[in-house]
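Asks: when you get a sec, could you give me coordinates for this:
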Amino acid sequence: MTIECFANQAFERRRSGWTRGGWCALLLLSLSVLSGCVTVPDEIRGTSATPQMDLIRVMNAPNLYVGQESRFGGRVADIRNEANRTRLEIVTLPLDNAGRPRLDEPSEGRLVAYVNGFLEPVEFKNQLITVVGPITGSEQGKIGERPYTFVVVKVEGYKRWRVVQQMVLPPRAYDPWWDRRYRHVWGPGWGPGWNDGYAPVQVETVVTE
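Replies: Numbering: from 1, shown residues only. A predicted model of the protein is given here:
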């Protein structure tokens, strides 16, 4: 048997083995990832399937959206305890499909969210949060010395988030047809030492519960 014939047989065996189990496993993994990406926590799910999340649109005409359920999130810039409620000033960020603020996107503006009861300022200042509840209008305030019109939300549910950093090691380049049983059969341009190293470790900033 020639080397070329032996290599062709090895390729066919590798391909048939991957076809039987590999594609099935890949499909199941893809489905699990997709289903996990769209889960909104119960605390901020609300009652509407399509809550208002376009702050810029609401800012242009707040009174048109009074009573409409909304979901907004971002970073708490200021917190103030009142007699029976807590006022949160939030620098909003676009949300992902799970309701988490996206750190890679610019802010859309600020809003004021009123939460019934007392919230500890130390635990909420500068933290990420997502709130859900009806829009109640707007109120005048200031950012520094500059006048600002804040959209106001009455909070019916909220979720705090943590920011963590994790190291990600990119996977070694992988040939799905390769089988270690035929590791001594090399095609043109391939051989020991090809892509033996890994790519540099990357650090990702992740928003999580």
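Asks: so what's Ile129 bridging to?
Replies: Gly74, Arg160 (DSSP bridges).
Asks: verify the contact between it and Phe72 for me.
Replies: No - if you go by CB atoms under 8 Å, Ile129 and Phe72 don't touch, sitting 9.3 Å apart. No exception for glycine: its C-beta is placed from N, CA and C like everyone else's.
Asks: okay, and the common contacts of these two?
Replies: Ile90 (CB atoms under 8 Å, 6 or more residues apart in numbering).
Asks: which one's more surrounded, these two?
Replies: Between Ile129 and Phe72, counted using other CB atoms under 10 Å, Phe72 has the larger neighbour count: 31 against 22.
Asks: which residues sit in contact with the closest residue to that one other than its chain neighbours?
Replies: Once flanking residues are discounted, Phe72 sits nearest to Thr92: 5.3 Å by CB to CB, 6 or more residues apart in numbering. Contacts were defined as CB under 8 Å, 6+ apart; by that measure Thr92 touches Leu55, Phe72, Gly73, Gly74, Pro101, Ser107, Glu108, Gly109, Arg110, Leu111.
Asks: before we move on, what about Ile90?
Replies: Taking CB under 8 Å, 6+ apart, one finds Phe72, Gly73, Gly74, Arg75, Val76, Ala77, Arg110, Leu111, Val112, Ala113, Ile129, Val131 in contact with Ile90.
Asks: quick check: bridge partners of the residue nearest to Phe72?
Replies: Going by DSSP bridges, Thr92 forms beta bridges with Gly74, Gly109.
Asks: ok so, going back, so which of the contacts of Ile90 wins on neighbours?
Replies: Most surrounded of the contacts of Ile90: other CB under 10 Å gives Phe72, at 31 neighbours.
Asks: isn't it up against Thr130?
Replies: Yes - using CB under 8 Å, Phe72 is in contact with Thr130, at 7.2 Å.
Asks: list residues touching both of the two?
Replies: With CB under 8 Å, 6+ apart as the test, Phe72 and Thr130 both reach Leu95.
Asks: which neighbouring elements make contact with the one helix or strand Gly133 maps to?
Replies: Element membership for Gly133, per DSSP states H and E: strand 128-143. Strand 128-143 sits against strand 69-81, strand 85-93, strand 109-116, strand 146-154, strand 157-168, with contacts defined as 3 or more CB pairs under 8 Å, 6 or more residues apart in numbering; DSSP states H and E.
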